[in-house]
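S.K.: give me a 3D structure for the following:
(2 chains)
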2 protein chains.
Amino acid sequence: MRRKEFEVENREEIEAFLREKHDGVLTFRGSDGWPKAVPLNFVYHADAIYFHGSKAGEKMRGLADDPRAEFVVYEAHAFIPSYFSDPVRACPATVFFRSVRIRGTVSQVEDLQEKAGALGALMAAMQPEGGHAPIDAADPRYVPELKGVGVLRLDSESVSGKFKFGQNMSGKKREGVLAGLENRNWPGDPETMAWIRAKAPHDSAGR
Amino acid sequence: MRRKEFEVENREEIEAFLREKHDGVLTFRGSDGWPKAVPLNFVYHADAIYFHGSKAGEKMRGLADDPRAEFVVYEAHAFIPSYFSDPVRACPATVFFRSVRIRGTVSQVEDLQEKAGALGALMAAMQPEGGHAPIDAADPRYVPELKGVGVLRLDSESVSGKFKFGQNMSGKKREGVLAGLENRNWPGDPETMAWIRAKAPHDSAGR
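M.R.: Modelled structure (predicted):
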């Protein structure tokens, strides 16, 4: 994806997130005119986002009428309770997260080699240990399924990332949250603490 | 929510899922005409879905123009590798999941008591241990924030749930998946095995 497309976070962080995650929500206008939200597995491959599914579903119908779509990938890293930074009011309670939104148009992939490449990349991402014959458009064990499966490609027009880890907190509040996470020590908390420190403004110690 | 609204799973299972989860993706038509996908925390409260956020964002603008929306809540329970049921082909690889989609219209909540009730329910869901003063529309410590925060209510028109745990597998494939999960034993796998058994057709042993 082209650098100019990235609005908030940098290209490397957004691409790493898209490689790490395997599901998101695809949004489009349904053929009944209502907005639709469909959770899907995906793979970021060859500069695009690929999905697969039935050729005869609401996605195919809606996107054939209007190919404009947005796909969002989200990970909640840590709930931050209010009392980490405020002994009285509930207001500071929040969630630290990463999200990426990709706006673009969706096409149905017809070429069997492109289908095989996308599905092979999806398998490599989700089942990296292997344990299956390579997906090959020339392999008769795969040809009927490759012809039958619907594969969609989202070509991005714009990509924006939002990684929220307390960047706008005062240094004092940040220290309170870091101390609270260290004390709580839930499974994801050490990683969240690393993100908070990585995203803190360089002058935060003095604020 | 009314019983007739539930299409796939039963009311109790869908409501339990909505109480258990705290985030999802809200989909609507943006004021630029493009579909939008926004990850949000939510609470299922008083027969509706409530969100909060800035009063001046894209959500408020888009939903003021067209209040139709869909909200989806999703949980991926287990990746099922192809080799659990097929030694050669990649095709059976899948993910077992729960998802609920809620279609309806979104209104901005202006009443401070309704706002306080929704935000209090959100805190009770996400911070059940307490540790803050109760959110009360008559408490001067909360009034300015209650006036300033945007609160949205999604009133459902239809709700559908999809809980995928191999219901359509043959008995033999189901046994292969159960054996594979038992052997793999990742943190969520025992729960997934319980879902598979709970959702298996009653006659599956003979298939």
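S.K.: all contacts plus neighbour counts: C-alpha atoms, from now on.
M.R.: Will do.
S.K.: show me what the helix or strand hosting A:Ala194 is packed up against.
M.R.: Assigned by DSSP states H and E, A:Ala194 belongs to helix A:189-199. On a contact count with 3 or more C-alpha pairs under 8 Å, 6 or more residues apart in numbering or on different chains; DSSP states H and E, helix A:189-199 meets strand A:68-80, helix A:171-184.
S.K.: excluding sequence neighbours, find me the nearest residue to A:Arg61.
M.R.: Counting by C-alpha to C-alpha, 6 or more residues apart in numbering or on different chains, A:Arg61 lies nearest to A:Ser31, which is 6.4 Å off, once chain neighbours are set aside.
S.K.: now that neighbour. Its backbone dihedrals?
M.R.: phi -70, psi -10 (degrees, to the nearest 10).
S.K.: count of residues packed around it?
M.R.: A:Ser31 has 17 neighbours, counted by other C-alpha atoms under 10 Å in any protein chain shown.
S.K.: for chain B, see how far away it is.
M.R.: From A:Ser31 over to chain B the distance is 13 Å, taken as C-alpha to the nearest C-alpha, to the nearest Å.
S.K.: quick check, pLDDT for that residue.
M.R.: A:Ser31 is assigned a predicted lDDT (pLDDT) of 95.
S.K.: quick check: it touching A:Lys59?
M.R.: No - between A:Ser31 and A:Lys59 there is no contact under C-alpha atoms under 8 Å: 9.0 Å.
S.K.: just the element for A:Ala16, please.
M.R.: Short version: A:Ala16 belongs to helix A:11-20, going by DSSP H and E.
S.K.: what's the first helix or strand after that helix?
M.R.: Following helix A:11-20 in sequence order, the next helix or strand is strand A:23-29 (DSSP H and E).
S.K.: just want the angle from that following strand to strand A:68-80.
M.R.: Inter-element angle recorded for strand A:23-29 and strand A:68-80: 140 degrees (by axes from the mean of the first three to the mean of the last three C-alpha atoms, to 10 degrees).
S.K.: check which helices and strands strand A:23-29 sits against.
M.R.: strand A:35-41, helix A:58-65, strand A:68-80, strand B:23-29, strand B:35-41.
S.K.: if we use 6 Å, what do you get?
M.R.: Other helices and strands packing on strand A:23-29, by 3 or more C-alpha pairs under 6 Å, 6 or more residues apart in numbering or on different chains; DSSP states H and E, are strand A:35-41, strand A:68-80.
S.K.: which of those sits most buried?
M.R.: strand A:35-41 (a mean of 24; mean count of other C-alpha atoms under 10 Å in any protein chain shown).
S.K.: quick check: angle from that one to strand B:68-80?
M.R.: 10 degrees.
S.K.: distance between strand A:35-41 and the chain's centre?
M.R.: Relative to its parent chain, strand A:35-41 has a centroid offset of 13 Å by C-alpha atoms, centre = their mean, to the nearest Å.
S.K.: identify each buried residue in stretch A:123-133, please.
M.R.: Within stretch A:123-133, the residues that qualify as buried are A:Met123, A:Ala125, A:Met126, A:Gln127, A:Gly131, A:His132, counting by 16 or more other C-alpha atoms under 10 Å in any protein chain shown.
S.K.: number of nearby residues for the residue lying closest to the third one once chain neighbours are set aside?
M.R.: It refers to A:Met126. Nearest non-adjacent residue to A:Met126, counting by C-alpha to C-alpha, 6+ apart: A:His22, 7.2 Å away. Look at A:His22: counted by other C-alpha under 10 Å, it has 17 neighbours.
S.K.: surely A:His22 meets A:Leu40?
M.R.: No - with contact defined as C-alpha atoms under 6 Å, A:His22 does not reach A:Leu40; the gap is 8.3 Å.
S.K.: quick one: find the helix or strand in chain A with the lowest mean pLDDT.
M.R.: Least confident element among the helices and strands of chain A, by mean pLDDT, DSSP states H and E: helix A:58-65 (a mean of 93).
S.K.: C-alpha coordinates for that one, PDB please?
M.R.: These are the backbone C-alpha positions of helix A:58-65, laid out as PDB (Å, rounded to 0.1, in the frame of the first residue of the first chain):
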ATOM      1  CA  GLU A  58     -25.600 -11.200   0.500                       C
ATOM      2  CA  LYS A  59     -21.900 -10.000   0.100                       C
ATOM      3  CA  MET A  60     -21.800 -10.900  -3.500                       C
ATOM      4  CA  ARG A  61     -25.200  -9.400  -4.300                       C
ATOM      5  CA  GLY A  62     -24.600  -6.100  -2.300                       C
ATOM      6  CA  LEU A  63     -21.100  -5.600  -3.600                       C
ATOM      7  CA  ALA A  64     -22.200  -6.200  -7.200                       C
ATOM      8  CA  ASP A  65     -24.700  -3.400  -6.900                       C
END
